[in-house]
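Asks: Here's my sequence, what's the structure:
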Amino acid sequence: MILRFALPVLLAVTLSCKKDTEEKSVTQLLTQKTWTLASYGYDHNANGIIDAAEESIRDCDKDNSYTFNTDGTGVIEDNTSTCGNGISEMPFTWQFTNNETTIDFLTGIVSILRLNDD
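Replies: Residues are numbered from 1 along each chain as shown. So this is what the prediction gives:
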């Protein structure tokens with residue numbers, strides 16, 4: 001008799017604990033957190049990677065944070081290591097282009113190599 005009731009209870013618990021596996025959209029992935037730059041530059045040899053010789057990031061840029069909002073606006077915050085321009089926050093606008101594989105900023109277009117929850 002106990003076994004007969006235990007199986008439906010275990011089945012209900014197992015089903016209610018199912019992990020939500022719905023994939024997030026590219027916009028959700030970009031806007032869900034604040035970002036910092038790891039690297040930037042111009043890919044002169046077009047290999048899809050910013051090589052050491054192509055790197056343009058300055059030390060003062062490495063701690064800046066970038067917040068993307070779902071309405072196509074965002075803000076760059078110049079954190080502890082400032083670049084000396086006296087501006088601590090700079091707003092920007094952005095939009096996806098090329099099937100959400102590039103981001104078009106007012107100052108240029110950047111390619112997205114990989115965007116995930118990690």
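Asks: Burial check on residue 112, number of neighbours?
Replies: Residue 112 is flanked by 14 other residues according to other Cβ atoms under 10 Å. Just so you know, the C-beta spots here come from the backbone N, C-alpha and C atoms, and that holds for glycine as well.
Asks: In contact with it, which residues?
Replies: Residue 112 makes contacts with 26, 100-103, as judged by Cβ atoms under 8 Å, 6 or more residues apart in numbering.
Asks: So of those, which two are at opposite extremes in space?
Replies: 26 and 102 (10.9 Å; Cβ to Cβ).
Asks: so what sits against both of those two?
Replies: Counting by Cβ under 8 Å, 6+ apart, the shared contacts of residue 26 and residue 102 are 96, 112.
Asks: Tell me which of these two has more neighbours.
Replies: Higher neighbour count among residue 26 and residue 102: residue 26, with 16 against 13, using other Cβ under 10 Å.
Asks: Please report how far the more buried one lies from residue 63.
Replies: Applying Cβ to Cβ, to the nearest Å, the value for residue 26 to residue 63 is 25 Å.
Asks: need the contact list for residue 86.
Replies: By Cβ under 8 Å, 6+ apart, the contact list for residue 86 is empty.
Asks: Let me have the contacts of residue 112 in TSV, adding secondary structure as columns.
Replies: As requested, the contacts of residue 112 are arranged in TSV below (DSSP: H, G, I helix; E, B strand; the rest coil):
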residue	secondary structure
26	helix
100	coil
101	coil
102	strand
103	strand
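Asks: ok, the residues you listed vs residue 109, which is closest?
Replies: Distances from residue 109 to the contacts of residue 112, taken as Cβ to Cβ, are shortest for residue 102 (5.3 Å).
Asks: No further questions, thank you.
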